[in-house]
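S.K.: No sequence on hand, only this structure:
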């Protein structure tokens, strides 16, 4: 049977991922510490802990993939020269807005996708926390199950 204490622990496991805004890698440290110390007390806590950790690892993997895809665009831009900013020293500096590079649109699009992914991640964490508080199981979408 799932008690209020177990529901609260599962909720805090999900919410502890927000500690990344204060502590580097807090989104991994917080859930792992809470899960390891409480996984033997309840199957409910164990399931929610695994889900939270799997989701954070999956998000890291997806961010690395997006970052790896975007690296060639930055390298091409650096070696090709910056064609919308002309910097010839501090005495002759101007910005040419007339002809931006297509790579600017591609990297901007990747940036927008990354920002939308961040907002979706925050919404999913809140949804999982609410489900844990209500005593319901929650499975994050697009999560790779590293811990089973």
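M.R.: Cool, the structure landed. It should be emphasised that the depicted structure is a prediction, and the values quoted were computed from it without experimental measurement.

S.K.: Nearest residue to the middle of this protein?
M.R.: residue 59 (4.8 Å; Cα atoms, centre = their mean).

S.K.: got the contact list for that residue?
M.R.: If a contact means Cβ atoms under 8 Å, 6 or more residues apart in numbering, then residue 59 has 117, 121 as its contacts. Bear in mind the C-beta positions are built from the backbone N, C-alpha and C, glycine included.

S.K.: Please shift the residue numbers so they start at 468 in all later answers.
M.R.: Let's use 468 as the start, then, which means that last one is residue 526.

S.K.: Remind me which helix or strand it belongs to.
M.R.: Using DSSP states H and E, residue 526 sits in helix 510-547.

S.K.: buried sites along that helix?
M.R.: Judged by neighbour count using 16 or more other Cβ atoms under 10 Å, the buried positions of helix 510-547 are 511-526, 537, 540, 544.

S.K.: Same question for stretch 481-497.
M.R.: Neighbour-count burial for stretch 481-497 flags 481-484, 486, 494-495, 497 (criterion: 16+ other Cβ under 10 Å).

S.K.: which element is residue 502 on?
M.R.: helix 493-505.

S.K.: quick one: that helix to helix 510-547, angle?
M.R.: Using axes from the mean of the first three to the mean of the last three Cα atoms, to 10 degrees, the inter-axis angle of helix 493-505 relative to helix 510-547 is 160 degrees.

S.K.: Show me what helix 493-505 is packed up against.
M.R.: Helices and strands touching helix 493-505, as assessed by 3 or more Cβ pairs under 8 Å, 6 or more residues apart in numbering; DSSP states H and E, comprise helix 471-482, helix 510-547.

S.K.: and the first one with helix 510-547, angle?
M.R.: Taking the same axes, to 10 degrees, one finds helix 471-482 and helix 510-547 inclined to each other by 0 degrees.
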